[in-house]
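# generate a structure from the sequence data that follows.
(chains A and B)
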There are 2 protein chains.
Amino acid sequence: MPANIGALKDVANRLRIASIEMTAVAKSGHPSSSTSAAEIVATLFFNEMKYEVASPKAPYSDRFVLSKGHACPILYAAWEEAGLLSHEQILSLRKIDSDIEGHPTPRLNFIDVATGSLGQGLSIAVGMAWVGKYKDKASYRVYALLGDGETAEGSIWEAAAFAITIVDVNRLGQSQETQLGHEVETYAARFKAFGHNAIIVDGHDIEALLNAFATARNTKDKPTAIIAKTFKGAGIEGVENLENWHGKPVPMEKIEAIKSKLSSTQKGSIPIPSPIKDTPEFDLNLGNIKIAPPSYKLGDKVATRAAYGTALAKLGDASPHVIGLDGDTKNSTFSDKLLAKYPERFIECFIAEQNLVGVGIGVGCRGRAIPFCSTFAAFFTRAADQLRMGAISFANLKCAGSHAGISIGEDGPSQMALEDLSLFRSVANSVVLYPTDAVSAERAAELAANIHGIVFIRTGRPALPVIYNNDEPFAIGKAKVVRKSDKDSILLVGAGVTLYECIKAADELASSGINACIIDIFSVKPIDQQTLINEAKRCGGKVITVEDHYQSGGLGEAVSSALADTSNVRVRSIFVRDIPRSGSPEGLLDLFGISAPHIVKAVKNFN
Amino acid sequence: MPANIGALKDVANRLRIASIEMTAVAKSGHPSSSTSAAEIVATLFFNEMKYEVASPKAPYSDRFVLSKGHACPILYAAWEEAGLLSHEQILSLRKIDSDIEGHPTPRLNFIDVATGSLGQGLSIAVGMAWVGKYKDKASYRVYALLGDGETAEGSIWEAAAFAITIVDVNRLGQSQETQLGHEVETYAARFKAFGHNAIIVDGHDIEALLNAFATARNTKDKPTAIIAKTFKGAGIEGVENLENWHGKPVPMEKIEAIKSKLSSTQKGSIPIPSPIKDTPEFDLNLGNIKIAPPSYKLGDKVATRAAYGTALAKLGDASPHVIGLDGDTKNSTFSDKLLAKYPERFIECFIAEQNLVGVGIGVGCRGRAIPFCSTFAAFFTRAADQLRMGAISFANLKCAGSHAGISIGEDGPSQMALEDLSLFRSVANSVVLYPTDAVSAERAAELAANIHGIVFIRTGRPALPVIYNNDEPFAIGKAKVVRKSDKDSILLVGAGVTLYECIKAADELASSGINACIIDIFSVKPIDQQTLINEAKRCGGKVITVEDHYQSGGLGEAVSSALADTSNVRVRSIFVRDIPRSGSPEGLLDLFGISAPHIVKAVKNFN
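Numbering: from 1, shown residues only, chains lettered A, B, ... in the order given. Down below sits the predicted model:
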């Protein structure tokens, strides 16, 4: 235990001063949310955490996740104090040409993940800590600092933590007092009920904080949550513990009273503990992970979800860095095939999809693993905000969603994904793959593993025939023309179960002398615009899309959008028009208008 | 306390038998998840709850929410036992022409909300109970039955309950044991830490259950959670408490052993307590709720979020049934204007958006109130699954999302909604309104109040000029042509902040002799296809859309989709192409390519 309490108090006050200054210069931001955490961040960064200032992303450095992202001024101030950032840099807060943004971004080399949508940092920290403990087997630790208000988010309670959690209980939310105010005992009881060792401290008392961190470090059997009672705007006269100061800069002259408390204004006077360099170094080898080729016979009936599971297990063979995660659906998504082979590379997240995706982002965020999350595609909607933030974090995350569309049958609409293509297409910079058969499903998983970014693979429940040879090549952004003739007068575009309906329809149309070209879209995003344009023109400009999905944001809109600027091309779309119900898959395809007879009719009516 | 324990045991076993039978006939479904709750449901439906069998939706009847929706066979069995359903009806389980679906649907007259995506029922029950306690001030009570596995969902812990919660702790999830197995004490500790009176009971002991319900009824100061220790597949030999029986029918012959335990096979032998008829009756008067007209001057600078708040307060004047809900952002969304005027009609849900939407669905689900939920539009993504299920529940829910797009400025991408149009468009049967100025924002709120269904209103942060007269009429599905001439050679389509950029661009283009027609889309869904087609053709088939949103599922795709089947029309779309950053609103509009100069350039390049 260092005796340097006075120096740490000075650090806390310097962080406080910097937070006020940078938000005052920016004319916006959250000084009051920052200053409540001044002592917490000072003790963390200048006594508790071990890291190299010059290389904050070094694999052996301790990690820090600021879940209450709006308090980032205090974080920037800490990195200035440590010597990484200049004063000029932190004063560029919130400017358009500065990465010192209004909320943390991994564009900065000391930040692993974006935060700012509350309640997400703990899941991510848990994922990072899982990698440290079980994969890296290294000494680095992961700290997550939470706001009190964000503990109202259920996602916090989904994250059964390995990480060391600190809750900054500053009492005040944005618009009023939080539900629990300063009831620190209740916070402690909640964390205890969720399996933590909970310690209540005065969050402005450096010595108490140092003791709490020491206790946390020495508690091996369970995670520790430090419940720090603080005051919003702490140390700022006329702001501390008062409402209506959330997200507002305070007058610069408030700094003077804090300055008078400093015994020294000298920055960087405290040595930062060196990390233990026991973290393995490696490259994920993206682009070169090859699975054993698919081994099916044409016509074999295999669900794409089953083929996904097979491919995931093969990816486990091909790379020690592939990690599977699931939400108690592994026997339906077939991610249990990886679990069976590599139990040490599988994380069961139970029925908690926000945590599933959050932990996945944490597992993948430092280039130390390739996370594959799976659940029913419908239930990924539960994690839509985590996915949105994942994009802002430039996350490397693979999501495989099974049970797409009405073709799941009897379980009914609550289990049917009919907006998943829309959800994942709208994730910035995402890739959306929709394999039709087992061969393409295996290749989709392989392609996903080999690129950095958020990739969604949509898989289906029913077992349907293999239509591709085992050596058929697939690529992101490339569609497959599965039927083509010189006399095509219509282009049908489908994927998954509707591709089979397109084939049936084309067979029937052929018998009445109408030739249809068929495209298996495979890569919904990025979409193969050139092939669509070429084939649409070749077919006389008539295009019909067919999808087991609602209209908005789905295949039809993706194709319409890709062809919107091409002259003399018209697109009609067939999709699920109403809320479905229970029934047999075949019966539902027919009742909801996406089966072969409906396609035939649409072609014949297209004039 | 009724002494009729033996009769209730018989009821429980008859429900068990029916659950096995109907899933065996359907060849799919969840008998094991049903039978663990047999005694719980028997005591609830035949002793504890007060309701009229003939009119289960009567406003004075007690309410029951089966949060573990997959266990619906036990619910159908209960309604057969009560005399509402015939045996033939329950044997139509999961058939395409039957409303006895694989998960509960409000197509059935004894169900208020769809369940099946786990962890959502408690929030809904809380919303229903809030209406009963604070709005109806009536005697009816609301019961929610939860599965143990679904308590891993954080949404459960967001719902600080008024309702009486029962957790069916049957130990087993879908793919393995739950996190907590049979640790009923831990469940109790968690509910206690979240403010409940928690009672642990043997969930197969009728007498213990009766006592627990009596205690719950007599506990007035806090909500009660009954933690019922049960066995999955209880009473079914060779299934009870064993893994790998989730969602699988069991052989019909298993019924015989249960039958032998019955002392009587006579149904309907227990009288059901009559409800207290003290619930007020009224009509929501949808279609006739009129707000005081907007009162702005053309050119006044007013943010649409502020106008929304003004309209919400006026709606409070116009109807006693309008209820506001927010997630600790009420001073940003301006829903605090309703709170200030009608504090008794406002529910602060804190930073817990899943609960915000779930409670809203509960508030609205019985035609007893019109819920308006508000938060930052970006944070509605947190409740995407609740919205998906809301559509399946045919929910009446209004969502107002503020801080749309990059025009919020310095706070950065975590706070910017850039996929909200996509999210809400993909909600089945939804309406999506995107008002540009204060007049249209007020009318959007009024229109939303007057129709049944899920309506999203997208509002912006910046204060921008009023462009419509106070008496301008607006309608769902109708766009506004805000500029038009005989010489138009291009159609510009925008909404919100981009409409102003379209106007600026058109002004500049006019100076170089290019006339642009401008459409303010207002209603993104349903979209005004006819006006788009007419104006697009009139403008020579050249259309440019401009939006403060990502491409997928946004305005450009909606317009492209609406024009996809029209010959000789080409659509180009301008949208936010990359993950944004902090900066001034004006700077960001320019940097991310959606400002007037970019529109001018796109028009000039459109050949």
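# all helices of the stretch 1-150 of chain A, in order?
A:5-26, A:31-35, A:38-43, A:72-82, A:87-90, A:121-130 (DSSP state H, counting those that start in this stretch).
# number of nearby residues for the residue of chain A found nearest chain B?
In chain A, no residue comes nearer to chain B than A:Gly154, which is 2.1 Å away by C-beta to the nearest C-beta. C-beta: built from backbone N, CA, C; applies to glycine. For A:Gly154, the count of nearby residues is 26 (other C-beta atoms under 10 Å in any protein chain shown).
# got it, and A:Ser489?
A:Ser489 has 18 neighbouring residues, counting by other C-beta under 10 Å.
# circling back: which of the helices of the stretch 1-150 of chain A sits closest to A:Asn396?
Among the helices of the stretch 1-150 of chain A, the nearest to A:Asn396 by C-beta to C-beta is helix A:121-130 (11.7 Å).
# following the helix or strand bottoming out on mean pLDDT in chain A, which helix or strand comes up?
For chain A, the helix or strand with the lowest mean confidence is helix A:154-158, at a mean of 86 (criterion: mean pLDDT, DSSP states H and E). Using DSSP states H and E, the helix or strand that directly follows helix A:154-158 along the chain is strand A:164-169.
# pairing partners for that following strand, with directions?
strand A:142-147 (parallel), strand A:224-229 (parallel) (DSSP bridges).
# indicate which one of those is closest to A:Asn534.
Nearest to A:Asn534 among the strands paired with strand A:164-169 is strand A:142-147 (50.3 Å), distances taken as C-beta to C-beta.
# contacts for that closest one, please.
When contacts are defined by C-beta atoms under 8 Å, 6 or more residues apart in numbering or on different chains, strand A:142-147 is touched by residues A:33, A:37, A:40-41, A:44, A:48-49, A:62-68, A:71, A:118, A:121-122, A:124-125, A:128-129, A:132, A:156, A:161-168, A:170.
# repeat that for 6 Å
If you take C-beta atoms under 6 Å, 6 or more residues apart in numbering or on different chains as the criterion, strand A:142-147 is touched by A:63-68, A:121-122, A:125, A:128-129, A:163-168.
# okay, buried residues for that strand please.
Of all the residues in strand A:142-147, those buried under the rule 16 or more other C-beta atoms under 10 Å in any protein chain shown are A:142-147.
# up against chain B, what does the stretch 51-200 of chain A have?
Taking C-beta under 6 Å from any C-beta of the partner chain, the part of the stretch 51-200 of chain A that reaches chain B is made up of A:94, A:96, A:101-103, A:114, A:116-118, A:149-150, A:152-155, A:157-158, A:173-175, A:179, A:189-190, A:193.
# skipping adjacent residues, who's closest to A:Leu509 in space?
Taking C-beta to C-beta, 6 or more residues apart in numbering or on different chains, and ignoring the residues beside it in sequence, A:Leu509 has A:Ala516 as its nearest neighbour in space, at 5.4 Å.
# what of A:Met389?
Beyond its immediate neighbours in the sequence, the residue positioned closest to A:Met389 (C-beta to C-beta, 6+ apart) is A:Ser117, lying 5.1 Å away.
# also A:Leu315?
With sequence-adjacent residues excluded and distances taken as C-beta to C-beta, 6+ apart, A:Leu315 is closest to A:Val322, at 4.6 Å.
# could you say which helix or strand contains A:Lys478?
Taking DSSP H and E as the criterion, A:Lys478 maps to no regular element, lying outside all helices and strands.
# quick one on the thing from earlier: tell me the SS of the residue nearest to A:Leu509?
Here A:Ala516 is strand, with the state taken from DSSP: H, G, I helix; E, B strand; the rest coil.
# what's across from it in the sheet?
When A:Ala516 is checked against DSSP bridges, its beta-bridge partners turn out to be A:Ile490.
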